[in-house]
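With the sequence up front, the predicted model follows.
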Amino acid sequence: MLANYIKIAWKVLLRHPFYTFITLFGISLTLTVLMVLTSFIDHLVGSHYPETNRNRSLYIEKMVLRDSSRSSQNSGPMSFKFLTQYAKTLKTAEKVTITSFFRTSNAYAGAQKIKLNTKYTDAAFWEVMNFTFLEGKPYNEQNIRNGELVAVITDDFRRQYFSDLSEPVVGKDIEVESIHYKVIGVVKGSPPTRIFSYADIYFPYTVPKSNYEQDDIMGGYVAVVLANKASDRKAVQEEFQDKIRRIPLPGNRNGFKYDIAEVGCAPYVESMLSIFMEGGPQVKVIFYSVIAFLMFMLMGLPAINLVNVNVSRIMERSSEIGIRKAFGAPIRTLLMQFIVENIFITFIGGTIALVLTLITIYLINQSGWIAYADLTINLNVFLVSIGVCLLFGLLSGVAPALRMSKLSIVEALKS
Amino acid sequence: MIRHLFRLIWNKKKTHALLMVEIWASFLVLFGLASMIVFNVSNYVEPLGFTYERVWAVDFNNNQDTTAIPDKVNTILQRLKAYPEVESVSRMSSNFPFSASTMNNGVDYKKRHVMAHFYTTDAAFAQTLDMPLVAGRWYTKADLGGKYKPVVINRKAQEALFVDENPLGKVFSNFRVVGVIDNFKAKGEFMTNAPAVFEMMDGKNTWDKIYLVKTKPGTDAMFEARLVKEMSTMLVGWNVEVNPLIDSRKNQHNLTLVPVIIFLIVCSFLLINVALGLFGVLNLSIAKRRSEIGLRRAIGATAKNVSWQFVAEIWVLATFSLLFGLLFAVQFPLMHVFDLASGVYIGAIALAVGIIYGLVTLCALFPSRQAATIHPAVALHEE
Amino acid sequence: MISLTNIEKVYRTSTIETLALNNINLHIGQGEFASIMGPSGCGKSTLLNIIGLLDAPSKGSISVGGQPVTSYSDQEMARLRNQRLGFIFQSFHLINDLSVLDNVEIPLLYRKQISAAQRRQMAQEALERVGLSNRVKHFPKQLSGGQKQRVAIARAIVGRPEIILADEPTGNLDSVMGNEILSILQGLNNDGATIVMVTHDEAMAKKTHRLIRLFDGTMVGDTTLTLC
């Protein structure tokens, strides 16, 4: 029975190549946009190299200090000292790393200028993040304690800085802002969209200019906490907030008197969204309504279009419907035929979209638009897309089919 | 005839409902896109107001060094000026041209409240960025020490605060105006030409450590490397970073252009999609209306009349949808959504309306030609 | 009024060539009420189409009011149809989405220099003539077959044409309504309109002035009737 439906569907599609093209174009376009979008979001928030532990990590990236009337506030990353005291000591966590946000700088190889981003980290950074070492090894506690001028660089930076790539660069010297460092390891770089792990050069926090000795509660550092497993994060958060409550209040920071200190400790998505949501509920409303509008347009327009084309096509086929009805086909069968037809074409569209997405993702990855971009279609994205595919098929199949089933035999035959 | 078509379309509104929704939605999408484009283009055509080509922003950070900062800040200025490759040097706040940071403050004059961008600069600023003054002069060291702080404002700020008064020598919010410049779009060509106030940096300021260095033509990265090396040798423990403004400008442009381009690509695909759908629907509807076409031909319509009718019909249809779309779109200029000038929205509406009419015409052209070729004798006897 | 000389019409498809009309010579004078009869497929509709300038003959010439029109452009033909001819069809061909009044007005839309008020006025008059002045706001779906055909007649006469061409006007109607329609046509004829009607109803044909018989594309009879 189903095979028969599909056979008829196939014939119908071939009979109207132009409308088939329109329909397929709409479906595959929409799904491609959707899939590229999801895979981009997945790239942004999913657990990927080198932050493969993101699903069991918590991010401490912002402190907010307010006065009791809430009229003014200071917010930003914290000092190394503060994080050592409050985050590093978490008992429920498996590991905690303290790292600076990346900072831009320049290096000069002869007359060539290399723009780079630097990061100061502790030794635990290399355990929390899963970097692949192409050469050498990370710096350890010993290196840090001795204040050694060592650095881990990315393969990208290696290529730019060293002209001779045939020999290993570990042990070689690099100069950044008049300080000479010894390369201790080379890692495969992280995309700049992963701000907690991204940099071109990683230094131990004890090298000069890292400001780790700063005597302040705020500064340039953030912490990533690794819980034993994803479900343990709740406990870690509780322990951390418990510590935060014990920050001596009220305090005074460079003349700013504060009575409230808030430090978030949240999974990645939440901590990223909190940056967007800083502007309060109004910004939230605008943010969500813009997203909703975009999604509505992105999905709605092609959907209306499909329904539109489908309705016209079915009306065109009304005499066929009339004949089938006259020969006794029940409405259910007719409905089935149209629904199967639509699902069938949606799946073809889905397959085309899959190919288009693969091409688009490949192009994005290759274009260098985002360094180290690693967009992929993962199973989830694909399944979601197939689900959406079905929804579309039914949405654009049921409405016209219902309308069609209301046509009386006589009317269907006549027009 | 037009009235006849309006009636025809109006009576068929149920059949056309989906088509209208589609055109309506396309209009809204286009309106969004056009707003973005009109906004950016209208900003782009405004002159930038300064030159940046040979200017570098050199950023100093003293980190943990807290000894004798005022002296060091001064030494840097003298040392930079001493380079033969350097034409002029000016120190300013962190919101230097094309940087990511901004500083806004409200100022008042005669009950007029204006939000303005604040830049803290020194006496050499206008010279370094090659900014001509339209009235008065740029401030000098001699202006400091008075009761009021000397400021230079841009023309936008002048218009907003003083309307048609002569601003020179006037005092607002503890600032005394000494000069007026034309435009200053610090974030680059795509920035709105907004009110700006340039406040003079006094001797107490040690925290602003951005130095704008205008180099002589032909200066290259070799000098940049030397500069960084010598500066960081001179200032142990300090960070020194050089950002040629040309590069920062490119970043600012990308920040504006990348979303526009992505939106543009997605929109064009959506519109192609809609256009194809519209085309298909029109094609089918003409096939359905063969008898009507035959009749109209029989009672005196020329082939041209018939094909014109179908184009006109889709215009009428588009007009209905657009009227509905306009109900939404006019809310933007009326409610001042996103704080854009009404002109931007009106321009965007005009552009979107134009594109919609163009698009539907394009879609109707082929089907309407086909309609004209329908032979009345055949069409009338089909049933 | 209308003269057809040596008219021949051939339909060609890639495989078959059909001779639909063969050497037709026909003159229809002013004020005549002529009917064309013949079995299905004999070419009577083709003949009416050619008389109505809807279809061009393969051979021969046509003149309307002494003017040869065979070489007319599309635009000239359209103007001629609009001003001098009126059409009535078996299946009415009313536009369902327009009211009765709007339907009747259509021919006037293709004329220049007629104001909207004038159009309204003329359409009203035409509807009064067919006895439907109380149905102007109705839509075709709300009318019976006879009423629909009367609307179609009003539409045919609204432009005050000299010639009315009716293609089986009573074909879709029962005999009562058919007679009603015929009597309207007779009334129009009495007022001076020239009418050519295609029919396969002998009784209807008998009520006209002249009976032209077609068989397989050839004219086999042309009788003037004096009965009525």
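Nice, thanks for sending it over.

Quickly find the element holding the residue nearest the centre of chain A.
Centroid-nearest residue in chain A, with Cα atoms, centre = their mean: residue A:44, separated by 1.9 Å. Residue A:44 belongs to helix A:17-45 when assigned by DSSP states H and E.

buried ones in that helix?
A:19-20, A:22-40, A:42-43, A:45 (16 or more other Cβ atoms under 10 Å in any protein chain shown). C-beta here means a position set from N, CA and C on the backbone, and glycine is covered the same way.

Check stretch B:71-87 too.
B:72, B:73, B:76, B:77, B:79, B:80, B:83, B:85, B:86, B:87.

do stretch B:359-367 as well
Quick answer for stretch B:359-367 (16+ other Cβ under 10 Å): B:359, B:360, B:363, B:364, B:365, B:367.

Pull the number of nearby residues for the residue in the stretch 201-350 of chain A that chain B sits nearest to.
Using Cβ to the nearest Cβ, the closest approach of the stretch 201-350 of chain A to chain B is made by residue A:305 at 3.8 Å. Neighbour count of residue A:305, defined by other Cβ atoms under 10 Å in any protein chain shown: 32.

Can you tell me the closest non-neighbouring residue to it?
Once flanking residues are discounted, residue A:305 sits nearest to residue B:277: 3.8 Å by Cβ to Cβ, 6 or more residues apart in numbering or on different chains.

The one you found and residue A:21 touch, don't they?
No. Judged on Cβ atoms under 8 Å, residue B:277 makes no contact with residue A:21 at a distance of 11.0 Å.

in the stretch 51-200 of chain A, which spans are helices?
With DSSP state H, counting those that start in this stretch as the criterion, the stretch 51-200 of chain A has helices at A:80-86, A:125-128, A:141-145, A:155-161.

what's the closest of these to chain C?
Closest approach to chain C among the helices of the stretch 51-200 of chain A is made by helix A:155-161 (66.4 Å; Cβ to the nearest Cβ).

who's in contact with that closest one?
Residues outside helix A:155-161 that contact it (Cβ atoms under 8 Å, 6 or more residues apart in numbering or on different chains) are A:107, A:109, A:112, A:114, A:116, A:134, A:153, A:165, A:169, A:174, A:186-189, A:200-201, A:371-372.

And for stretch B:310-327?
B:1-2, B:5-6, B:8-10, B:13, B:16, B:19-24, B:27-28, B:31, B:278, B:282, B:286, B:349, B:353, B:356-357, B:360-361, B:363-365, B:367-368, B:371.

Contact residues of the stretch 151-300 of chain B facing chain A?
Listed as neighbours of chain A in the stretch 151-300 of chain B under the rule Cβ under 8 Å from any Cβ of the partner chain: B:220-222, B:224-225, B:228-229, B:232-233, B:237-242, B:247, B:266, B:269-270, B:272-274, B:276-277, B:279-281, B:283-285, B:287-288.

switch the cut-off to 7 Å
Proximity of the stretch 151-300 of chain B to chain A, by Cβ under 7 Å from any Cβ of the partner chain, involves residues B:220-222, B:224-225, B:228-229, B:232-233, B:237, B:239-242, B:266, B:269-270, B:273-274, B:276-277, B:280-281, B:284-285, B:287.

Can I have the buried ones of those as a PyMOL selection?
Selection of buried members from these for PyMOL, criterion 16+ other Cβ under 10 Å:
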select buried, chain B and resi 221+224+225+228+232+239+240+241+242+266+269+270+273+274+276+277+280+281+284+285
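
elements contacting the helix holding residue A:44?
Helix A:17-45 is packed against helix A:281-316, helix A:331-367, helix A:379-405, helix B:245-288, with contacts defined by 3 or more Cβ pairs under 7 Å, 6 or more residues apart in numbering or on different chains; DSSP states H and E.

Go through these and find the least confident stretch.
Note on those: helix A:379-405 shows the lowest mean pLDDT, a mean of 70.

Okay, the residue of chain C found nearest chain B and residue C:52: tell me how far apart.
As assessed by Cβ to the nearest Cβ, chain B sits closest to residue C:82 within chain C, at 2.3 Å. Computed as Cβ to Cβ, to the nearest Å, the residue C:82 to residue C:52 distance reads 12 Å.

cool, and residue B:54?
According to Cβ to Cβ, residue B:54 stands 82 Å off from residue C:52.

So those two - more neighbours on which side?
Neighbours per residue, other Cβ under 10 Å: of residue B:54 and residue C:52, the larger number sits with residue C:52, 24 against 19.

Isn't that one up against residue C:165?
Yes. When contacts are counted by Cβ atoms under 7 Å, residue C:52 is listed as touching residue C:165 (4.7 Å).

anything in contact with each of the two?
Listed as contacting both residue C:52 and residue C:165 by Cβ atoms under 7 Å, 6 or more residues apart in numbering or on different chains are C:85, C:87.
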